[in-house]
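Engineer: need coordinates for the below:
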Amino acid sequence: MSFRVTFVAAARSSPLLAERFEDDRPLDQAGWEEVQRAAPELLPLAAAELRYCSPTPRSRATGDALGFAPLVQPALRDCDMGRWRGFTLGEAMAREPESVDAWLADPHATPHGGESLLDFITRVGGWLDTRPVEDGGRIVAVAEPSVIRAALVYALKAPPSSYWNIDVRPLSTTTVTGLRGRWNLRFDGAAGQTTRA
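Structural biologist: Alright, predicted model coming up:
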């Protein structure tokens, strides 16, 4: 049994350098405008049999604006960043530079008192592996970029350190196909179209 999961990165709620750990802010004006521009290309994904989203306000708003009417999935929440919740990376670095360095270097580290990178990847992968869908079925999930990065590391069985080398842009799409424990990246599109990875 094989099926397809297409992740849609939530529209932004702040400029890239102002992004915060476990950001609960709604879409900003630029994010709403991006959704409106991307909607014609992304609306066909609403035909998926199952439609989900992360519990963040911007993921829910992105999914609703695209007509997905997504079901919130707690397992697709962002990494628990403990006492760094709400900080930008720069703010955490200014307060605890050695702790941030340890967190970036060791996927088992939890210097912030929250969830390790490895636990985060495993949680998101567990969600991916337990989707109830028929053979050939389609799923769409609107999620935070960090969640999509975690899903890709899990799907590819890549080392956790590769998480830091994946760039997920707002409203980009990423598709994996397969089944529990056996995932493949899927690239769609033709010249002149946005590529789904």
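Engineer: nearest spatial neighbour of Val72, skipping sequence neighbours?
Structural biologist: Pro55 (5.0 Å; CB to CB, 6 or more residues apart in numbering). Bear in mind the C-beta positions are built from the backbone N, C-alpha and C, glycine included.
Engineer: and the strands in the chain, which stretches?
Structural biologist: 3-9, 50-53, 71-72, 138-143, 173-179, 182-186 (DSSP state E).
Engineer: let me know which of these is the nearest to Gly31.
Structural biologist: With distances scored as CB to CB, the stretch of the strands of the chain nearest to Gly31 is strand 3-9 (11.1 Å).
Engineer: could you check how far the closest one is from the centre of its chain?
Structural biologist: 10 Å (CA atoms, centre = their mean, to the nearest Å).
Engineer: run through who's touching that strand.
Structural biologist: 42, 45, 48, 62-63, 66, 128, 131, 133-145, 147-148, 151, 168-179, 186, 196 (CB atoms under 8 Å, 6 or more residues apart in numbering).
Engineer: distance check, the residue nearest to Ala65 when sequence neighbours are not counted against Trp164.
Structural biologist: Spatial nearest neighbour of Ala65, chain neighbours left out: Val35 (4.6 Å); criterion: CB to CB, 6+ apart. To Trp164, Val35 is 27 Å away according to CB to CB, to the nearest Å.
Engineer: equivalent analysis for Leu76, please.
Structural biologist: 20 Å.
Engineer: burial of the nearest residue to Glu49 once chain neighbours are set aside, as a residue count?
Structural biologist: Leaving aside its sequence neighbours, Glu49 sits nearest to Gly137 (CB to CB, 6+ apart; 4.9 Å). By the criterion of other CB atoms under 10 Å, Gly137 has 16 neighbours.
Engineer: surely Gly137 meets Ala47?
Structural biologist: No - with contact defined as CB atoms under 8 Å, Gly137 does not count as touching Ala47 (11.3 Å).
Engineer: close enough to count as contact, Glu49 and Ile139?
Structural biologist: Yes - here Glu49 reaches Ile139: they are 7.0 Å apart, a contact under CB under 8 Å.
Engineer: who touches both of those two?
Structural biologist: Val133.
Engineer: so which of these two has more stuff around it?
Structural biologist: Ile139 (21 against 14).
Engineer: beta partners of that one?
Structural biologist: Beta bridges link Ile139 to Val5, Leu50, judged by DSSP bridges.
Engineer: quick one, what contacts it?
Structural biologist: 3-6, 48-52, 131, 133.
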